[in-house]
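Colleague: turn this into a structure:
(2 chains)
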Amino acid sequence: MTAFGNYLVKNGNDLLASLGQHIFISLVAALIAIVIAIPLAVALVNHRRWGEVVLQVTGVVQTIPSLAVLGLLIPLVGIGTVPSIIALVLYAIMPIFQNTYAGLTNIDPLLIEAADAFGMSRRFKLFRVQLPLAMPMILSGIRIAVVLIIGTATLAALIGGGGLGTYIITGIQTNNDQALIAGAVLSAILALVASWLIKVLSRVSVKKLLYGLGILAVLGVSGGIYHQATQPKETITIAGKLGGEPDILIHMYKDLIEQDNPNVHVVLKPNFGGTTFLFKGLQSGKIDIYPEFTGTVLQTLVKQPKHVSHDPAKSYQQAKALLKKQYGLDYLKPMKYQNNYSLALRKQDAEKYHLKTISDLSQVSTTLTSAFDTDFSQQKDGYPGLKTAYGLVFKSVQTMEPSLRYQAVADRKVDVTDAYTTDPQIRQYHLVTLKDDKSFFPAYQGAPLMKASFAKQHPRVVKSLNQLNGKVTTKQMQEMNYQVTVKHRKAATVAREFLQQQHLLK
Amino acid sequence: MIEFENVSKTYEQQPALNDLNLTINDGELFVLVGPSGSGKTTLLKMINKLIEPTTGTVKIDGQDVGAADIRQLRHQIGYVLQAGALFPNMTVEQNAAIQLDQLDWDVRQKHDRINELLTRVDLDPQTYMERMPSELSGGEAQRVGIVRALASQPKLILMDEPFSALDPLSRRRLQQLVLKLHQELACTIVFVTHDMQEAIKLADRLAVIHNGDLLQVGRPQEIIANPASEFVADFFDDGTTRNLFLSQVLKTGFGRLPEPADQPVKLAGTDTIFTWADLLNQHPRQLVTVDDLVLEPQDLLSYMSQIGQVS
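Modeller: So this is what the prediction gives:
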């Protein structure tokens, strides 16, 4: 509990900023949803058949998993706040529309008859009779929508939308319970407070409510404009994959670039998603730079050459040439360390069976169970290839979240898992990695990836990033990962300390 | 004057009104009466164009309702619905002034008008103006409903089963109120009810409607005394009302042929035994003649004793 308290105190400002961002995203999404759903319901009340159609459609939209909606929106509107808000609006329309529609259609027909019989104008009837009578239903719809939005908005972090989800996702990826709890609790409290607030507002008259909404809309818009206006002239967006290591790397990039280019503001999108998310984001220009591994480039991104070299220097040259040719991307110079694949198991098991290499493992693998992360179990350079190369046959094979697999081995839930050589958990859980004696695994070296046009326009940025060429050993990377993932220190701090230590940063 | 000319209405091939002709005179309290589903409410709603006839025309003062501006038409017609149908989100005053809002009356005028009308329907304005409909009894709500209908001083007021949901006491009081207001305001009221007693009590003239057909039109006594069909007779036969008419006294077998010495007073079959009793109260030995048969004073006592045994 005190650790949690410390975490809150230490990250107070960042948490508040995320909370503000979360509120902003939710508020904008809710307002847009209201502005769409209520007039739509009003328009369709007198066209019941269309009303039913829209009811069905909004219902179907809501059944699409929110992650899928976010993914689908990336090629259309890119990444960041905008697609997050669009996805949230899509979700929120349904409860508001449904309740408004139901509220309006369920008004006592006798009252509608009375309104007609006294010759009310359509406007008068709508604002003085129909909307006030439907208001309790409409407000409960808005309440449902807002609670839904605040909950779903945590997913916005996955595509760089920010908000409290950043803490939840960081928490899961880096095994940091305090971050996870802070994010989850704050978003839950926010949902409760919002729900309560709307309940209170429901006792206020419609007129005041409309004024209130108007003021909020004006505040929101002017806040947005202010936000835009106060941005520095040039902004470079750097994203990183899920996990602590990319987070550290992009902080290094930021520090180096901003040191050399004072008029450039670097925006970081850590824990941004999987390889495909980032690669698409880079191509569409929504992000400018992200760190990528040579192995991943050759295995998944470029159209495969016949022979893939497993020699680090050669595979980098190959990757660089193919990226340039096929996608017009520039791949800057790599760092020293290798984040190779390997297989890991408990030290006791390795000693018991005298296992040093993967070849050794293939002799006894039928008695062992295994779990691999999703990428590894599917990629050609992962388990399928490894299986053929070494003739590995396990008692069972399952897929597992990367962040859980080491602990699963330590807890004896499974015996063997894939491992990255820089992962700090290998040390933490007393695991050993086996030697790839047949050189099956390709080389994995990290380097910044960007569009060639971007590199051409930003020679100083390229120069800044190339300072990392040949720096950072496997041991240093493992230590930094240990600091962030196990010790829960901030990636920004760890990155800065390292750069200062290396005299790259003043 | 309201005229229905060859009015028919069909709902999805189901006839609701069949080629109906009817004229309602200015200043009448005219009652449309009939069992549920007879078409009487459909007929009423054609007057303010809530329902349009499938064929035929409805005219108010010679002007075709179908061609009239719908809002202008409705601004000139008062409407009282079942159980008041007050808007639950508005106060009594706001409810009552709803038509005045449409007519752009100024605030002061509206307030004074509602104030006056509330007093007229025996609701204290001080107490009731600011109340919400949920704080009113059924009878009070319907009084406000009547005020709402009267607010713009319409020449024509439509009432659609306004008292059917009320308890007998409230209903009787409101019926009295309607009679009183009709006299004071000299307006035309078209009143729909399925309650035959209510129809008899209120109507200057009434129309009996059944299965979309207009069966009979006339003053209540005429219809009761001379029902045009078996159905009309049955509808008005609740065993007591009909027995009050002198025509029924004759049907029961009373009355003798006149003799030269008789000096009878002539009464109609549509007169009631109360008229007869009133007469005997002043002239205890007076003979009366109804439809050429003579009734003796003693016959009243015998008749009343007889119908008392039957009921």
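Colleague: what's the burial count for A:Pro424?
Modeller: Applying other C-beta atoms under 10 Å in any protein chain shown, we find 22 residues neighbouring A:Pro424. C-betas here are computed from N, CA, C, even on glycine.
Colleague: skipping adjacent residues, who's closest to it in space?
Modeller: Closest residue in space to A:Pro424, ignoring its immediate chain neighbours: A:Tyr482 at 3.4 Å, by C-beta to C-beta, 6 or more residues apart in numbering or on different chains.
Colleague: for the one you found, helix, strand, or coil?
Modeller: With DSSP: H, G, I helix; E, B strand; the rest coil as the basis, the three-state label of A:Tyr482 is helix.
Colleague: surely it meets A:Arg427?
Modeller: Yes - with contact defined as C-beta atoms under 8 Å, A:Tyr482 counts as touching A:Arg427 (6.9 Å).
Colleague: go through stretch A:489-503 and flag the buried ones.
Modeller: For stretch A:489-503, a neighbour-count test (16 or more other C-beta atoms under 10 Å in any protein chain shown) marks A:Arg489, A:Lys490, A:Ala491, A:Ala492, A:Val494, A:Ala495, A:Arg496, A:Phe498, A:Leu499 as buried.
Colleague: check the gap between the residue nearest to A:Pro424 and A:Lys241 for me.
Modeller: 19 Å (C-beta to C-beta, to the nearest Å).
Colleague: nearest residue to A:Thr58 other than its sequence neighbours?
Modeller: A:Thr58 sits nearest to A:Met94 (C-beta to C-beta, 6+ apart), 3.9 Å away.
Colleague: pLDDT (mean, whole number) over the helix or strand harbouring that neighbour?
Modeller: In this assignment (DSSP states H and E), A:Met94 forms part of helix A:81-105. On average, the pLDDT along helix A:81-105 is 89.
Colleague: get me the contact residues on chain A for chain B.
Modeller: A:108, A:110-111, A:113-121, A:124, A:128-129, A:132-133 (C-beta under 8 Å from any C-beta of the partner chain).
Colleague: residue contacts, the residue positioned nearest the centre of chain A?
Modeller: Closest to where the C-alpha atoms of chain A average out (C-alpha atoms, centre = their mean) is A:Leu158, at 1.6 Å. Residues near A:Leu158 by C-beta atoms under 8 Å, 6 or more residues apart in numbering or on different chains: A:Leu67, A:Leu70, A:Gly165, A:Ile169, A:Asn271, A:Phe272, A:Gly273.
Colleague: hmm, back to that, sort out which residues of the helix holding A:Met94 are buried, please.
Modeller: Applying 16+ other C-beta under 10 Å to helix A:81-105 flags A:81, A:83-105 as buried.
Colleague: same check on stretch A:33-53?
Modeller: Across stretch A:33-53, burial judged by 16+ other C-beta under 10 Å covers A:Ala33, A:Ile34, A:Ile36, A:Ala37, A:Ile38, A:Leu40, A:Ala41, A:Val42, A:Leu44, A:Val45, A:Gly51.
Colleague: got those as TSV, with pLDDT and distance to B:Leu44 columns?
Modeller: Below are the buried residues of stretch A:33-53 laid out as TSV (pLDDT from 0 to 100; distance: C-beta to C-beta, whole Å):
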residue	pLDDT	distance to B:Leu44
A:Ala33	93	44
A:Ile34	92	41
A:Ile36	93	41
A:Ala37	92	38
A:Ile38	92	35
A:Leu40	92	36
A:Ala41	92	32
A:Val42	91	30
A:Leu44	91	31
A:Val45	87	26
A:Gly51	86	30
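Colleague: buried subset of the residues of chain A next to chain B as a PyMOL selection?
Modeller: To isolate the buried ones among the residues of chain A next to chain B in PyMOL, judged by 16+ other C-beta under 10 Å, type:
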select buried, chain A and resi 111+113+114+115+116+117+118+119+120+128+129+132+133
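Colleague: touching, A:Lys438 and A:Ala389? I think so.
Modeller: Yes - counting by C-beta under 8 Å, A:Lys438 does reach A:Ala389; the two are 5.7 Å apart.
Colleague: for those two, indicate the residue with more neighbours.
Modeller: A:Ala389 (16 against 12).
Colleague: who are the packing partners of the worst-scoring helix or strand of chain A on mean pLDDT?
Modeller: Averaged element by element with mean pLDDT, DSSP states H and E, chain A has its least confident helix or strand at helix A:206-229 (a mean of 73). For helix A:206-229, the elements it packs on are helix A:12-44, helix A:131-152, judged by 3 or more C-beta pairs under 8 Å, 6 or more residues apart in numbering or on different chains; DSSP states H and E.
Colleague: low-confidence regions, the chain specifically.
Modeller: Went with chain A since none was named. Applying pLDDT under 70 to chain A flags the ranges A:1, A:205-206, A:223-224, A:226-233, A:305-306.
Colleague: hm, I was asking about chain B
Modeller: Within chain B, the stretches with pLDDT under 70 are B:238-240, B:310-311.
Colleague: tell me which residue of it lies closest to chain A.
Modeller: With C-beta to the nearest C-beta, the shortest gap between chain B and chain A falls at B:Arg74, namely 3.4 Å.
Colleague: excluding covalently adjacent residues, which one is nearest to that residue?
Modeller: In this structure, B:Arg74 finds its nearest non-sequential neighbour in A:Gly119, 3.4 Å apart by C-beta to C-beta, 6+ apart.
Colleague: in this structure that neighbour contacts B:His75, no?
Modeller: Yes - counting by C-beta under 8 Å, B:His75 is a contact partner of A:Gly119 at 4.6 Å.
Colleague: shared neighbours of these two, anything?
Modeller: Common neighbours of A:Gly119 and B:His75 (C-beta under 8 Å, 6+ apart) are B:Gln99, B:Gln102.
Colleague: who's in contact with the residue in the stretch 1-150 of chain A that chain B sits nearest to?
Modeller: Using C-beta to the nearest C-beta, A:Gly119 is the residue of the stretch 1-150 of chain A that sits closest to chain B, at 3.4 Å. A:Gly119 makes contacts with B:Ile70, B:Arg71, B:Gln72, B:Leu73, B:Arg74, B:His75, B:Gln99, B:Gln102, as judged by C-beta under 8 Å, 6+ apart.
Colleague: among the residues you listed, which one has the most neighbours?
Modeller: Going by other C-beta under 10 Å, B:Gln99 tops these with 24 neighbours.
Colleague: contact partners for that residue?
Modeller: B:Gln99 is in contact with A:Phe118, A:Gly119, B:His75, B:Gly78, B:Arg148, B:Ala151, B:Ser152, counting by C-beta under 8 Å, 6+ apart.
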